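In: here is a sequence with its predicted model. Questions after.
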Amino acid sequence: MIFDITPSAPDKHYGRVLNEYIRCFPDDAWIIVRDQDTQYLHHESTKICYEAIADNPQCDLFSCATNRAWGQGFSNDPNILNHHKLAYNREKKYTTIRGIVPAFFWMFPKRLWIDNPFDDYPIIHGGKSFDTRWTQGKAWNMLRIDHLYVFHFYRLHKHHRNYAHLI
């Protein structure tokens, strides 16, 4: 079973909120954590997620393709219909991820969280972001589901990285 959550943390302690949610799920569950400004564009997105798990049972953490991730191309195109077309015209493919996995979309088994719960610091702490703190330097098997494309608004109207709202 997959639980797809988009929690929020008004006090910026996102890890604490995630831990509270995930603690309630069955131990054999898979969890998708998405930013609230993301949107699935393919009508079979959930099916694609289940297939990814079946195709890659050894995977610890999945991400997916998006319009707003550094290193995957960074689109400022505001026309969601263009992104909808991109979501439907993708070759089935998985790419190994090395390094930090952006937190706009994470899919992982609860067993990974049991061994690696989230910290209770603010989203930006010690100069590091939440996703950097959780994924950097881990020896996990991490894959991007290239044929799952999620639209991520991520300050689409701005042309720079601005983290002030996270601090």
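Out: Perfect, thanks for sending it.
In: the residue nearest to residue 4 when sequence neighbours are not counted: how many residues sit nearby?
Out: The shortest distance from residue 4 to any non-neighbouring residue, by C-beta to C-beta, 6 or more residues apart in numbering, is to residue 32 (4.2 Å). Using the backbone N, CA and C atoms, a C-beta is placed for each residue, glycine as well. If you count neighbours by other C-beta atoms under 10 Å, residue 32 ends up with 18.
In: cool, residue 39 as well?
Out: Neighbourhood size, residue 39 [other C-beta under 10 Å]: 15.
In: next one: phi and psi at the residue nearest to residue 4?
Out: phi -110, psi 130 (degrees, to the nearest 10).
In: residue 112 too?
Out: phi -70, psi -40.
In: measure the nearest residue to it once chain neighbours are set aside to residue 142 for me?
Out: Once flanking residues are discounted, residue 112 sits nearest to residue 60: 5.2 Å by C-beta to C-beta, 6+ apart. For residue 60, the distance to residue 142 (C-beta to C-beta, to the nearest Å) stands at 6 Å.
In: give me the mean pLDDT for stretch 153-167.
Out: Across stretch 153-167, pLDDT averages out at 55.
In: equivalent analysis for stretch 99-108, please.
Out: So the average pLDDT for stretch 99-108 ends up being 92.
In: got a list of what residue 28 touches?
Out: By C-beta atoms under 8 Å, 6 or more residues apart in numbering, residue 28 lies in contact with 1, 109-110.
In: now, which of these lie within strands?
Out: Counting by DSSP state E, these place residue 109 in strands.
In: for the contacts of residue 28, which one is nearest residue 22?
Out: Nearest to residue 22 among the contacts of residue 28: residue 110, at 6.4 Å, using C-beta to C-beta.
In: I'd assumed residue 21 was in contact with the closest one.
Out: No. Contact criterion C-beta atoms under 8 Å: residue 110 and residue 21 do not qualify, at 10.8 Å.
In: now do the helices in this protein.
Out: With DSSP state H as the criterion, the chain has helices at 14-23, 45-55, 80-88, 110-115, 130-135.
In: please work out which residues outside the first one touch it.
Out: In this case it means helix 14-23. 3, 5, 7-9, 31, 33, 110, 113, 117-123, 130, 134.
In: in its sheet, which strands sit next to the helix or strand bottoming out on mean pLDDT in the chain, and in what direction?
Out: Among the helices and strands of the chain, strand 124-125 carries the lowest confidence by mean pLDDT, DSSP states H and E, at a mean of 81. Strand 124-125 has the following sheet partners, assigned by DSSP bridges: strand 128-129 (antiparallel).
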